[in-house]
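Engineer: sharing a model prediction with you, sequence too.
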Amino acid sequence: MTVFPYDQFAKDYLKELLAPLGEVKTSQNIAGEVREIDVWFVPAAQAGNATALGLLARLAATSAIFEPFRNAIDLGDVRSCIGKLFDLFAFLERQARRKNSRLEETDLPHLWIISPTASESLLTGFGATLDVNNPVSGVYAFPPHWKGGIVVIHQLPQTPETLWLRILGKGRVQQQAIDELAALPENDLFRGAVLELLSNLKAILEVKQNLEPEERDLVMRLSPLYEQRLAEATQQGIEQGIERGIQQGIEQGIERGIQQGIGQGVRQGQRIFVENLLRAKFGDLDEELRAIIEPLLALPPEDSTALLLQLSREELLARFN
């Protein structure tokens, strides 16, 4: 099972949102160092629709590393993130020397620490003040040569441009953001992908032992969204089947298309459920795990669910391979 479900969710979430704007690397090890960067982003020359991401897009206007935290940061967390940043600077400078090129100051990435809350004494101690380049409450900048800052999610205004950062909050702030996400139009650029990631998080939390009260509340809030996501997948399959039937131009084709569409929609919903359970137990889906999805879908849903909950990775692979 994924050991840190929120950490993985935050990495996957930021990668999904920032991918249209440039190159995104997660869990990136720095050569010669033991530090691991959560999310390293380099904007593309021709970026996608940045305005849809509001404040997050502004933070990603230049090369940046993002370090999201589920709980309030402390002194050690900030020092660790700053250490990663300076290690990355040294790594990039070594690369530039090997290529006999010059590393410009503008080429260095900017650090953004994302935390639900942060104490006033912590912000003051690191010299963090409200960011003049992002005049929004909750966005703080370190002194210029440090090239970093802190986003305090629970201080952000409740506006559409901060939505994609507030999703990474906690408690009522996160639940309010999830409500706003669910209310977005179905054709929104990021709504479907984020709902899918939240569904994965729900599946992971449901198989976790000894949930905290806050985690139980989150599962309860995500449950109707999960059902809605399955219903949308089913409806999409039905509509595709009807469309194919109509294109065939005969009544028999329409009837067959509707039946096939319903079956396809239900199967798609079952696939989402199976994939979520696999991720909940084993983390990312590699080629071996993806290879057993089809055999699992061939079983009655109650049988496949029981096997997924009871068997280890090795037992599942042995059974279906």
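Structural biologist: It's in.
Engineer: from here on, just use CA atoms for contacts and neighbour counts.
Structural biologist: Will do.
Engineer: avg pLDDT for stretch 109-118?
Structural biologist: Averaged over stretch 109-118, pLDDT sits at 97.
Engineer: got the buried residues for stretch 71-87?
Structural biologist: Residues 73, 78, 81, 82, 84, 85, 86, 87 are the ones in stretch 71-87 that count as buried (16 or more other Cα atoms under 10 Å).
Engineer: residues touching that stretch, excluding its own?
Structural biologist: The contact list for stretch 71-87 (Cα atoms under 8 Å, 6 or more residues apart in numbering) reads 30, 33, 35-37, 65, 67, 109, 111, 113, 115-118, 122, 148.
Engineer: ok, and what's touching whichever strand or helix holds residue 196?
Structural biologist: Following DSSP states H and E, one finds residue 196 within helix 191-206. Helix 191-206 has contacts (Cα under 8 Å, 6+ apart) with 1-2, 5-6, 9, 12-13, 16, 181-182, 184-186, 211, 215, 218-219, 222-223, 225-226, 229, 276-277, 279-281.
Engineer: just the CA atoms of stretch 270-286, as PDB, please.
Structural biologist: Provided in PDB are the C-alpha atoms of stretch 270-286 (Å, rounded to 0.1, in the frame of the first residue of the first chain):
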ATOM      1  CA  GLN A 270     -15.400  -1.400 -13.100                       C
ATOM      2  CA  ARG A 271     -12.000  -0.700 -14.600                       C
ATOM      3  CA  ILE A 272     -11.700   2.600 -12.600                       C
ATOM      4  CA  PHE A 273     -12.600   0.700  -9.400                       C
ATOM      5  CA  VAL A 274     -10.000  -2.100 -10.100                       C
ATOM      6  CA  GLU A 275      -7.300   0.400 -11.000                       C
ATOM      7  CA  ASN A 276      -8.000   2.400  -7.800                       C
ATOM      8  CA  LEU A 277      -7.700  -0.700  -5.600                       C
ATOM      9  CA  LEU A 278      -4.500  -1.800  -7.300                       C
ATOM     10  CA  ARG A 279      -3.000   1.700  -6.700                       C
ATOM     11  CA  ALA A 280      -4.300   1.700  -3.100                       C
ATOM     12  CA  LYS A 281      -2.400  -1.500  -2.400                       C
ATOM     13  CA  PHE A 282       0.700  -1.200  -4.500                       C
ATOM     14  CA  GLY A 283       1.200   2.400  -5.500                       C
ATOM     15  CA  ASP A 284       1.900   3.200  -9.200                       C
ATOM     16  CA  LEU A 285       0.700   0.600 -11.800                       C
ATOM     17  CA  ASP A 286       3.600  -0.900 -13.600                       C
END
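Engineer: mind listing what's buried along that stretch?
Structural biologist: Judged by neighbour count using 16+ other Cα under 10 Å, the buried positions of stretch 270-286 are 270-283.
Engineer: least trustworthy position among the residues you listed, going by pLDDT?
Structural biologist: Among these, pLDDT bottoms out at residue 280, giving 65.
Engineer: the residue nearest to residue 143 when sequence neighbours are not counted: neighbour count?
Structural biologist: Distance criterion Cα to Cα, 6 or more residues apart in numbering; nearest residue to residue 143, sequence neighbours excluded, is residue 127 at 6.4 Å. By the criterion of other Cα atoms under 10 Å, residue 127 has 13 neighbours.
Engineer: surely residue 127 is within a strand?
Structural biologist: No. Assessed with DSSP: H, G, I helix; E, B strand; the rest coil, residue 127 is coil; it does not lie in a strand.
Engineer: next one: it from residue 308, what distance?
Structural biologist: Distance, residue 127 to residue 308, by Cα to Cα, to the nearest Å: 50 Å.
Engineer: do the same with residue 138
Structural biologist: Residue 138 sits 42 Å away from residue 308, taking Cα to Cα as the criterion.
Engineer: between these two, point out the one with more neighbours.
Structural biologist: residue 138 (20 against 17).
Engineer: which residues sit in contact with the more buried one?
Structural biologist: 130, 151, 152, 153, 154, 155, 156.
Engineer: repeat that for 7 Å
Structural biologist: By Cα atoms under 7 Å, 6 or more residues apart in numbering, the contact list for residue 138 reads 151, 152, 153, 155, 156.
Engineer: go on, residue 67?
Structural biologist: The contact partners of residue 67, taken as Cα under 7 Å, 6+ apart, are 38, 39, 112, 113, 114.
Engineer: need the nearest residue in space to the first one, chain neighbours excluded.
Structural biologist: When you say that, I think you mean residue 38. Among residues not flanking residue 38 along the chain, residue 27 sits closest, at 4.7 Å (Cα to Cα, 6+ apart).
Engineer: helix or strand right after the stretch of helix or strand the one you found belongs to?
Structural biologist: Using DSSP H and E, residue 27 sits in strand 22-29. Moving toward the C-terminus from strand 22-29, the next helix or strand (DSSP H and E) is strand 36-43.
Engineer: so in that sheet, which strands flank that following strand, and in what orientation?
Structural biologist: Note on strand 36-43: by DSSP bridges, its sheet partners are strand 22-29 (antiparallel), strand 64-68 (antiparallel).
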